[in-house]
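> Give me coordinates for this.
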Amino acid sequence: MALVLVTGATGRIGSALLKALLARKDTVRAVVRPSSGSELPHGVEKYEFDLSKGALPKEAFDGAHKVIHLAGLVGHYPYNTLVLQNAFATKNLLASCPTYVHRVVMASSISVYGEYKGKTVDESFELKGESDYGKSKLLSETFARAYCESHRIVFLRFGMVYGPGFEEGYFDVLSRLQKGKMKIIGDGKNRLPLLHIDDAVMAILLSLDSRVEPCREYNIVGPDAMTQQELLLLAAKELGVEPPTSSIPVFLAFFAARVAHLLGKKGFSPENIRQLSLDRAYSCGRARKELGFEAKVGISQGLPEVISAYKRKNLQVQQPT
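This is a model prediction of the structure:
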């Protein structure tokens, strides 16, 4: 029975992945920060280490022939923090990774491309990494490529993951819609590359078992390329409220988010605004051909699931203690 080493196992993707690995009877060792208070599922071995502090001890790899690297930060953080937790954590993982590990699956991001407005991006496009987050993930990939000769590394460039456990940002949109305060950012015609967590996990498992060439990159997004305005319309309909009709220029939305962040107020971060306002669409043709990946969860199924979770949370908040 194969032993799979998983970093970032207590994160949102990691938590869903652990369930899938256990369901197929894999033996799992999870690398978690010593400060992490999160519980691991029964049967998962814990190995405590902070990848931002240095190279992972070789003993952590004992018996493991496959590695899934999910550890890192997503969102609005200082650039140096993103580089440390995303890029250098990757370098620290691979620096001591034994050559007998024959598959390393890395969670990367479509943010490494930057924006190609009006185009559908495949893996041949130039990597620009325009945001701080995108730059940190691009540097992470760059560090990993130094180990391509000794390890078979797969880079999964995920879209905007949503679904159970992914509340940040999405619930803010739903709350504003429900209160009639949500505005269309820009003209609303930009495409949003959503990816349901179930499809993200499926892509990881397919990559883990694949026999593809070393250092191969794959775009992983959902089956629908809907615009911001179309998604807001569907969400409003599911909530039973009127969709937004007014808009705000992108630069003003960024300014408002930065001011709110500086004042310590809740609401959209500049990264949230960036995600909502960029026009981004991606081809999964390579993943389909080489991994057998085909996204299963469309917006018509995934969005009601998110809204149901939002309503349950609101109900819990409203109930007296």
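
> Now do the helix ranked longest in the chain: which elements does it pack against?
Criterion DSSP state H: the longest helix present in the chain is helix 299-318. Applying 3 or more Cβ pairs under 8 Å, 6 or more residues apart in numbering; DSSP states H and E, we find helix 299-318 packed against helix 170-179, strand 194-196, helix 228-239. From N, CA and C alone the C-beta is placed, and that goes for glycine too.

> Try it again at 7 Å.
Judged by 3 or more Cβ pairs under 7 Å, 6 or more residues apart in numbering; DSSP states H and E, the packing partners of helix 299-318 are helix 170-179, helix 228-239.

> neighbouring contacts of the longest one?
For helix 228-239, contacts defined as Cβ atoms under 7 Å, 6 or more residues apart in numbering pick out 174, 177-178, 182, 184-185, 188-190, 192, 242-244, 276, 299, 303-304, 307.

> picking up where we left off before, can you name the residues in contact with the longest helix of the chain?
So helix 299-318 is contacted by 162-164, 170-171, 174, 194, 196, 224, 226, 234-235, 238-239 (Cβ under 7 Å, 6+ apart).

> which residues does the most centrally placed residue in the chain contact?
Centroid-nearest residue in the chain, with Cα atoms, centre = their mean: Val161, separated by 5.0 Å. Going by Cβ under 7 Å, 6+ apart, Val161 touches 13, 195, 197, 200.

> Just flag the most distant two among the residues you listed.
Ile13 and Leu195 (10.2 Å; Cβ to Cβ).

> which one of the two has more residues nearby?
Looking at Ile13 and Leu195 with other Cβ atoms under 10 Å, you find the greater number of neighbours at Leu195, namely 25 against 22.

> Run through this protein and note the low-pLDDT ranges.
1, 316-321 (pLDDT under 70).

> Just the helices from it, written as ranges.
Assigned by DSSP H, the helices in the chain fall at 12-23, 79-82, 89-94, 132-145, 170-179, 197-209, 228-239, 250-262, 270-277, 285-290, 299-318.

> okay, now Gly267: neighbour count?
As a burial measure, Gly267 scores 15 neighbours (other Cβ under 10 Å).

> From Thr7, how far off is the residue lying closest to it once chain neighbours are set aside?
If the residues on either side of it in the chain are set aside, Gly267 comes closest to Ala260, at 4.8 Å by Cβ to Cβ, 6 or more residues apart in numbering. Separation of Ala260 from Thr7 (Cβ to Cβ, to the nearest Å): 32 Å.

> go on, Glu48?
Note on Glu48: its distance to Thr7, by Cβ to Cβ, is 12 Å.

> ok, now Glu242?
Here Glu242 is placed at a distance of 44 Å from Thr7 (Cβ to Cβ).

> ditto for Glu294
Distance from Glu294 to Thr7, by Cβ to Cβ: 27 Å.

> Please apply the same query to Val221.
Applying Cβ to Cβ to Val221 and Thr7 gives a distance of 23 Å.

> picking that back up, looking at Glu294 and Thr7, which one has more neighbours?
Thr7 (25 against 13).

> Tell me the bridge partners for the more buried one.
Beta-bridge partners for Thr7, by DSSP bridges, are Val31, His69.

> check contacts around it.
31, 51, 69-71, 93.

> for Val241, same thing?
177-178, 180.

> With Ala16 instead?
197, 201 are the contacts of Ala16 under Cβ under 7 Å, 6+ apart.

> Next one: it from Tyr79, what distance?
From Ala16 to Tyr79 the distance is 28 Å (Cβ to Cβ).

> and what of Glu167?
Using Cβ to Cβ, Glu167 is found at 25 Å from Tyr79.

> Compare neighbour counts for the two and give me the winner.
Between Glu167 and Tyr79, counted using other Cβ under 10 Å, the more crowded position is Glu167 (15 against 12).

> And that one, how far from Met106?
In terms of Cβ to Cβ, Glu167 sits 25 Å off from Met106.

> Which residue, neighbours along the chain excluded, lies closest to Ser150?
Closest to Ser150 by Cβ to Cβ, 6+ apart is Thr99, at 5.2 Å.

> Same list (the contacts of Thr7) but as JSON lines, adding distance to Leu3 and neighbour count.
Shown next, in JSON lines, are the contacts of Thr7 (distance: Cβ to Cβ, whole Å; neighbours: other Cβ atoms under 10 Å):
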{"residue": "Val31", "distance to Leu3": "13", "neighbour count": "24"}
{"residue": "Leu51", "distance to Leu3": "19", "neighbour count": "22"}
{"residue": "His69", "distance to Leu3": "15", "neighbour count": "24"}
{"residue": "Leu70", "distance to Leu3": "17", "neighbour count": "22"}
{"residue": "Ala71", "distance to Leu3": "18", "neighbour count": "25"}
{"residue": "Leu93", "distance to Leu3": "16", "neighbour count": "26"}
